[in-house]
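Peer 1: Turn this into a structure:
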Amino acid sequence: MKLSVKGLFNLFISSLRERIGTTIPIKYHVLFWLGYFTFNLIRWGSFHNDFTYSLQTNLVEFPIHIVVIYFNVYYLIPTLFLKKKYLQYVGAIFLILVLVYIVRTSLIYTFTGVLSPELGRPVSFLDFNHFIVVALGELYVITFVTAIKVLVDYSIEKKRNEELSQLQLSTELKFLRTQVQPHFFFNTLNNLYALALNKSDNMPRLLLKLSDLMEYVLYEVQDSKASLLKEIDHINNYIDIENLRFKDRVETEMHITGDIEDVKVPPLLLITFVENCFKHGLKNNEKMKMEMSFEVINGRYLNFNISNNFNPNTVDEVKKGIGISNSLRRLKILFSKDFELKTSADKGVYNLFLKIPVS
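Peer 2: Coordinates of the predicted model:
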């Protein structure tokens, strides 16, 4: 489909209206051109010691610059250059330079009565060297302003991608956190059912503990960081529930070293490793001994150790538990490489060591 000059102009104006101001507010376009015009006026006025001529020529040139720049940035680059139509793009730029020369030279001669006195010699219309000078000057303006636009767009796009990346990581973290304890609540409800059948006196205590756990998970844990003290309380509640469930089959020890009062950690992270102990440490009505320690080092890092006995026949199951892989993914998102996670299973004892930065 062929477009007339009027149709092409209308298409350009329509495209310009849609695109201008979408990444850079229009007020900054205005400020840029006013600043550039003032700089050029003073620059050439001082160079030739003729501010009147500088004002006249810049009043002619800058509207041309503005039209050419926006036509290039918002129409030619998207429709030709970015679509790898390089020959068409170069041809369009060359045609623009010819038109700019004709229009610019004609208008300047009309307003001033001379053609480029800055060359220091008489200049005739369509002089080849004169055309080269004007074309290079226009190319300079096109390249200079387009480079600024590209850099600004790059910075904006980079910031947008970083925000999207952070949003994606935040969404994934929230998703991972939702996976932390559903199976625990499901198991606890089964325990409640079993206690109800047996008319156990422990049922009210279990309900209260479960209520505390649910309140913490659903209402108190809303931020990316949680108090280490509250996390330890949460772990203790969980252990109490499991003790009610397994009665005298569980023996636990907890050691705390360093000042943990103001320490904050990712919420519901450490509980996963405790759950893992109960999940794999109690098989075939055996007893389980679990030991854990929290050590805060210089207020900067937390060393967390946990160990429990387990059935050696389940070693592969222990190492491949979904809770561990879930936590590892969270650690990578939260701390990149600034953490340490080690696990080992030897002679019926499973050990886990975790070192993370704290705030």
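
Peer 1: from here on, contacts and neighbour counts on C-alpha atoms
Peer 2: Noted.

Peer 1: quick one: the lengthiest helix in the chain to chain centroid distance?
Peer 2: The residue-count maximum for a helix in the chain (DSSP state H) belongs to helix 128-178. Here helix 128-178 is found 16 Å from its chain centre; the criterion is C-alpha atoms, centre = their mean, to the nearest Å.

Peer 1: Next secondary structure element downstream of it?
Peer 2: Toward the C-terminus, helix 128-178 is succeeded by helix 182-198 as the next helix or strand (DSSP states H and E).

Peer 1: what's the average pLDDT for that following helix?
Peer 2: Helix 182-198 shows an average pLDDT of 73 in the prediction.

Peer 1: which helices and strands sit right next to the helix or strand just after that helix?
Peer 2: Going down the chain from helix 182-198, the next helix or strand is helix 203-215, by DSSP H and E. Contacts defined by 3 or more C-alpha pairs under 8 Å, 6 or more residues apart in numbering; DSSP states H and E place helix 203-215 against helix 182-198, helix 228-246.

Peer 1: Now distance to residue 325 and mean neighbour count too, for those, in TSV please.
Peer 2: Formatted as TSV, these follow (distance: least, C-alpha to C-alpha, whole Å; neighbours: other C-alpha atoms under 10 Å):
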stretch	distance to residue 325	mean neighbour count
helix 182-198	15	14
helix 228-246	20	18
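
Peer 1: As a markdown table, the ones you listed with distance to residue 272 would be great.
Peer 2: Formatted as a markdown table, those follow (distance: least, C-alpha to C-alpha, whole Å):
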| stretch | distance to residue 272 |
| --- | --- |
| helix 182-198 | 10 |
| helix 228-246 | 10 |
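
Peer 1: so which of the ones you listed gets nearest residue 129?
Peer 2: Nearest to residue 129, of all these, is helix 228-246, at 76.6 Å by C-alpha to C-alpha.

Peer 1: Over the longest helix of the chain, what's the mean pLDDT, rounded is fine.
Peer 2: pLDDT averaged over helix 128-178 gives 78.

Peer 1: oh, and call the first residue 42 from now on, that's how I've got it
Peer 2: From this message on, residue numbering opens at 42, which makes the last subject helix 169-219.

Peer 1: What helices and strands are in contact with it?
Peer 2: Helices and strands touching helix 169-219, as assessed by 3+ C-alpha pairs under 8 Å, 6+ apart, comprise helix 92-112, helix 127-153, helix 363-376.

Peer 1: And the ones you listed, which one averages the lowest pLDDT?
Peer 2: helix 363-376 (a mean of 77).

Peer 1: quick one, what contacts the residue most central in space within the chain?
Peer 2: The residue lying closest to the centre of the chain (C-alpha atoms, centre = their mean) is residue 203, at 2.5 Å. Shown in contact with residue 203 (C-alpha atoms under 8 Å, 6 or more residues apart in numbering): no residues.

Peer 1: I'd like to know how far it sits from residue 196.
Peer 2: Plainly put, residue 203 is 11 Å away from residue 196 if you go by C-alpha to C-alpha, to the nearest Å.

Peer 1: ok, now residue 96?
Peer 2: Counting by C-alpha to C-alpha, the gap from residue 96 to residue 196 is 34 Å.

Peer 1: neighbour count winner among the two?
Peer 2: residue 96 (18 against 12; other C-alpha atoms under 10 Å).

Peer 1: Quick check: chain neighbours aside, which residue is closest to the more buried one?
Peer 2: residue 82 (6.0 Å; C-alpha to C-alpha, 6 or more residues apart in numbering).

Peer 1: Can you report how many residues lie near that neighbour?
Peer 2: So residue 82, with other C-alpha under 10 Å, has 22 neighbours.

Peer 1: Could you verify my assumption that it touches residue 97?
Peer 2: No: using C-alpha atoms under 8 Å, residue 82 is not in contact with residue 97; the gap is 9.3 Å.

Peer 1: quick one: residue 392 is in a strand?
Peer 2: Yes: remark: residue 392 belongs to a strand, assigned using DSSP: H, G, I helix; E, B strand; the rest coil.

Peer 1: Pull the number of nearby residues for it.
Peer 2: The tally of other residues near residue 392 (other C-alpha under 10 Å) stands at 19.

Peer 1: Against residue 314, how distant is it?
Peer 2: 10 Å.

Peer 1: anything in contact with each of these two?
Peer 2: residue 347.

Peer 1: I'd like the helices and strands packed on helix 169-219 as CSV, with distance to residue 169 appended.
Peer 2: Listed next are those as CSV, based on distance: least, C-alpha to C-alpha, whole Å:
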stretch, distance to residue 169
helix 92-112, 19
helix 127-153, 11
helix 363-376, 62
